[in-house]
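Participant: Sequence and predicted structure, then a few things I'm wondering about:
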Amino acid sequence: LTGQALAVAEQAGASSLHWLFTDLRDTEQLVQHGFLRRTGCHFHWHNPGYRSFEDYLSRMSSRKRKKIRRERRHVQEAGIRMQVLLGGEVTAPQWQLMHYFYRSTFERKSGIPTLSLDFFQEISRTMGEQLVLVFAHHDGKAVAGAIMLRGDRALYGRHWGCLAEFHSLHFETCYYQGIDYCIEHGLDLFEPGAQGEHKISRGFLPTYTWSAHWIANAGFRAAIQRYLAHEHGMMVEYHDELQCRSPFRQPT
């Protein structure tokens with residue numbers, strides 16, 4: 001597959017070829033085919049078999065545990081009700097609202113919302129239970145929502161948006177509801193998306209990610225290779241430093 005992909009890229013006169021979020025084994029295979037390795041760091045939540053959210057919290061230091069309970073309490077005391085729906089359960093009006101949430105976040109941050117309402121409605125029909133939506137309701141109206149995708153063993157958080165600001169609502173909608181879902185359904189892994197060192201204190205630990213890149217131009221390739229070697233060293237230091245911020249109690 002790698003050899004054929006390279007052949008197609010060369011025949012097409014492509015300037016580059018990229019494999020994103022490869023696992024360690026596939027990354028090493030691609031490096032053997034002349035691809036450049038790039039090391040990244042995301043924040044992932046792992047489930048060793050928690051029985052409940054409280055069981056999960058019990059593994060943390062007292063200060064971190066109290067902080068998360070306080071954040072969840074802020075949402076409850078604001079009168080917000082959370083709702084989790086699978087793709088096939090979402091109505092057309094709910095999809096219109098969720099798509100508005102999705103667009104609003106991009107537009108607020110000067111981004112481009114590339115996915116259409118038709119796209120979400122189509123994957124709602126075709127992917128069914130692999131699509132997990134979280135709605136937050138206040139005074140009978142949905143005020144925030146998050147779109148997640150589910151695999152056999154993992155949950156992937158992608159997009160969120162809101163109509164109004166409430167204390168800790170982002171954490172509840174995007175993180176804690178996902179953790180609840182993983183524990184209830186026995187999923188091993190929750191990847192809530194890129195960036196965010198604030199995720200560490202909520203149980204999402206730094207985790208290496210990889211990608212592999214073929215660059216056609218020899219001079220450009222050499223420059224990128226030097227940069228990636230330098231970046232790799234910095235990423236290892238970054239990962240190790242953040243690992244020390246784990247909120248979980250260390251075994252004695």
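Facilitator: Right, received. Where do you want to start? No experiment lies behind these values; they were computed from the predicted model shown. Numbering: from 1, shown residues only.
Participant: buried set for whichever helix or strand residue 143 is part of?
Facilitator: Element membership for residue 143, per DSSP states H and E: strand 141-150. For strand 141-150, the neighbour count (16 or more other Cβ atoms under 10 Å) marks 142-150 as buried. Where C-beta positions appear, they are placed from N, C-alpha and C, glycine not excepted.
Participant: And the strands in the stretch 51-200 of the chain?
Facilitator: 80-86, 131-138, 141-150, 154-162, 189-191 (DSSP state E, counting those that start in this stretch).
Participant: Compute the inter-axis angle for the strand holding residue 143 and strand 131-138.
Facilitator: Angle, strand 141-150 to strand 131-138, by axes from the mean of the first three to the mean of the last three Cα atoms, to 10 degrees: 160 degrees.
Participant: Just list whatever residues bridge to the closest residue in space to residue 97 that isn't next to it in sequence.
Facilitator: Spatially, and ignoring its direct neighbours in sequence, residue 97 is nearest to residue 142 (5.6 Å; Cβ to Cβ, 6 or more residues apart in numbering). Counting by DSSP bridges, residue 142 is bridged to residue 137.
Participant: From residue 79, how far out is residue 142?
Facilitator: 14 Å (Cβ to Cβ, to the nearest Å).
Participant: follow-up on the earlier one: possible to save the strands of the stretch 51-200 of the chain as JSON lines with distance to residue 4 and mean pLDDT?
Facilitator: Shown next, in JSON lines, are those (distance: least, Cβ to Cβ, whole Å; pLDDT from 0 to 100):
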{"stretch": "strand 80-86", "distance to residue 4": "37", "mean pLDDT": "97"}
{"stretch": "strand 131-138", "distance to residue 4": "32", "mean pLDDT": "97"}
{"stretch": "strand 141-150", "distance to residue 4": "28", "mean pLDDT": "96"}
{"stretch": "strand 154-162", "distance to residue 4": "28", "mean pLDDT": "93"}
{"stretch": "strand 189-191", "distance to residue 4": "29", "mean pLDDT": "96"}
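Participant: what residues are up against residue 210?
Facilitator: 21-24, 27, 37-40 (Cβ atoms under 8 Å, 6 or more residues apart in numbering).
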